[in-house]
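Undergrad: Fold the stuff below for me.
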Amino acid sequence: MENRVTQRLANARERALSELKARGASRQKTLAENVRSVGVRGLVSGAVASARELLRAPDSNGRAAASPPPPPPPPQPILVDPITDHPIMRSESPSSFLWLDVEGYEAEIDRKRAAGLIDRQEAVLLREWAVNGYLVLRQCIPLELTERSLADVDAVWSERKHVQIDVLTDGRRAHVDEVDASVRSAPHKLNDLYLTSDAARQIFLHERIVRMVGLILGDEVVGCNSLTFEFGSQQPPHIDHVYMTPPAPRRLVASWIALEDVRPESGPLALWPGSHRLRPFDFGGTYHYLPALEPQHTRYVAEQAPRFPEMQYLAKRGDVLLWHALLVHGGSAIANPGRTRKSMACHYFARRDVGPAPHAPFGLAWYLEKPVAHSE
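TA: I've put the predicted structure just below:
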């Protein structure tokens, strides 16, 4: 009799653990992280599963009669509810959330690993993405490719090419052949260099970047823009999703590629790990940016960012950072104005979300085709 009771208790424990693991619990997490991953609903489901195991009628041998497992509950988004007076989205469609944004993502990573769909390192990176909102591909881009890309940037300026530029110090948008050469010494970004530079395009759609973005989005990858920097942006904390809202909400991934080693005095990229789980600001029932609400949105992000630890990203040349569309990030202050921070920032959509927009194949992915103007 004692053995039977012990077995029933062991079975109940296993049922509860299985239920909690399916909702994202892990021995590698702290208690607080497990509670946040599982949620109150998950804790209740685990307790119910355990109770069912204990209360099941025994068979003729005294063992609990087998019963089919209950259907899994629909996965719930993992979100951090902010305390704020600002309007936030509270009616997001579950279909908008990426698979790594919902409860049970760890079980799905394990399933993909067991099925041979991902390797061990990819499983580690996907877990980092789910918890922190970003992952790092160290030494991803070959040195030769970064050198060719930088040579193409030099050619844009020396040949005064008709490449679009945003001047970050005064908000101007123009073309390189329309601005004074001294603008190159100020913080700026060259837009969509991938359209005219083969090296930039190879970095933009590098196979390792495409592989990880494809796993995150669960679809073929379409690169939609690239921004090339020579200096730190010094941008305040912000969220890309607001200014580049994808056709399907949340389905956007960003990359940041170091074209040189980043020094602390150059204004490194700043990240707030875990902030991708904040509820988005509500622009009147939509995710799409409304200029009239910009002050409120900026205050909302500024108020919420300190709830998360700030990290300065001191990358090495060739390192690639991928981050979630809703991760809070920005540019640190430049302590030495003469110190460059050469880099590329790029954004990617799932192909199913691009619709009729013209896009061309490149390697294992696609890129948006855009008109390229040429100066005479």
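Undergrad: Tell me who's in contact with residue 125.
TA: With contacts defined as Cβ atoms under 8 Å, 6 or more residues apart in numbering, residue 125 is in contact with 135, 137, 212. Yep, even glycine has a C-beta here, placed from its N, CA and C like the rest.
Undergrad: Just the ones of these in helices?
TA: Counted as lying in helices by DSSP state H, out of those, are residue 212.
Undergrad: Which one (most neighbours) among the contacts of residue 125?
TA: Of those, residue 212 is surrounded by the most neighbours, 23 neighbours in total, counting by other Cβ atoms under 10 Å.
Undergrad: That one against residue 121, yeah?
TA: No. Taking contacts as Cβ atoms under 8 Å, residue 212 lies outside contact range of residue 121: 10.3 Å.
Undergrad: Quick check: next helix or strand after the helix or strand of the chain with the lowest mean pLDDT?
TA: The least trusted helix or strand in the chain, going by mean pLDDT, DSSP states H and E, turns out to be helix 31-55, with a mean of 52. The C-terminal neighbour of helix 31-55 among helices and strands, as given by DSSP states H and E, is helix 105-114.
Undergrad: domain assignment for this structure?
TA: For the chain, whose domains are defined here by automatic domain parsing, the residue ranges read 1-74, 136-368.
Undergrad: Name the stretch from those domains that approaches residue 82 most closely.
TA: The minimum distance between residue 82 and the domains of the chain falls on domain 136-368, with 5.3 Å, by Cβ to Cβ.
Undergrad: Quick check: end-to-end length of the closest one?
TA: Across domain 136-368, the terminal residues are separated by 25 Å (Cα to Cα, to the nearest Å).
Undergrad: what about it, average pLDDT?
TA: Summarised as a single mean, pLDDT over domain 136-368 is 96.
Undergrad: Please apply the same query to stretch 103-118.
TA: Across stretch 103-118, the average pLDDT comes to 96.
Undergrad: Show me which residues of it are buried.
TA: By 16 or more other Cβ atoms under 10 Å, the buried positions in stretch 103-118 come out as 103, 104, 105, 106, 107, 108, 109, 112, 113, 118.
Undergrad: Just give me the closest of those residues to residue 305.
TA: Distance to residue 305, by Cβ to Cβ, is smallest for residue 105 among the buried residues of stretch 103-118, at 24.0 Å.
Undergrad: ok, residue 329 to residue 237 distance?
TA: Relative to residue 237, residue 329 is positioned 7 Å away (Cβ to Cβ, to the nearest Å).
Undergrad: Between those two, which has more neighbouring residues?
TA: Neighbours per residue, other Cβ under 10 Å: of residue 329 and residue 237, the larger number sits with residue 329, 28 against 19.
Undergrad: what about the residue nearest to that one when sequence neighbours are not counted, how many residues close to it?
TA: Distance criterion Cβ to Cβ, 6 or more residues apart in numbering; nearest residue to residue 329, sequence neighbours excluded, is residue 271 at 5.0 Å. Residues within reach of residue 271, counting by other Cβ under 10 Å, total 24.
Undergrad: Next: residue 202.
TA: For residue 202, the neighbour count with other Cβ under 10 Å is 18.
Undergrad: quick one: contacts for it?
TA: Residue 202 sits next to residue 145 when contact means Cβ under 8 Å, 6+ apart.
Undergrad: Contacts only, for the residue nearest to residue 139 when sequence neighbours are not counted.
TA: By the measure of Cβ to Cβ, 6+ apart, the closest residue to residue 139 outside its immediate chain neighbours is residue 318, 4.9 Å from it. The contact partners of residue 318, by Cβ under 8 Å, 6+ apart, come to 138, 139, 140, 141, 142, 143, 146, 257, 258.
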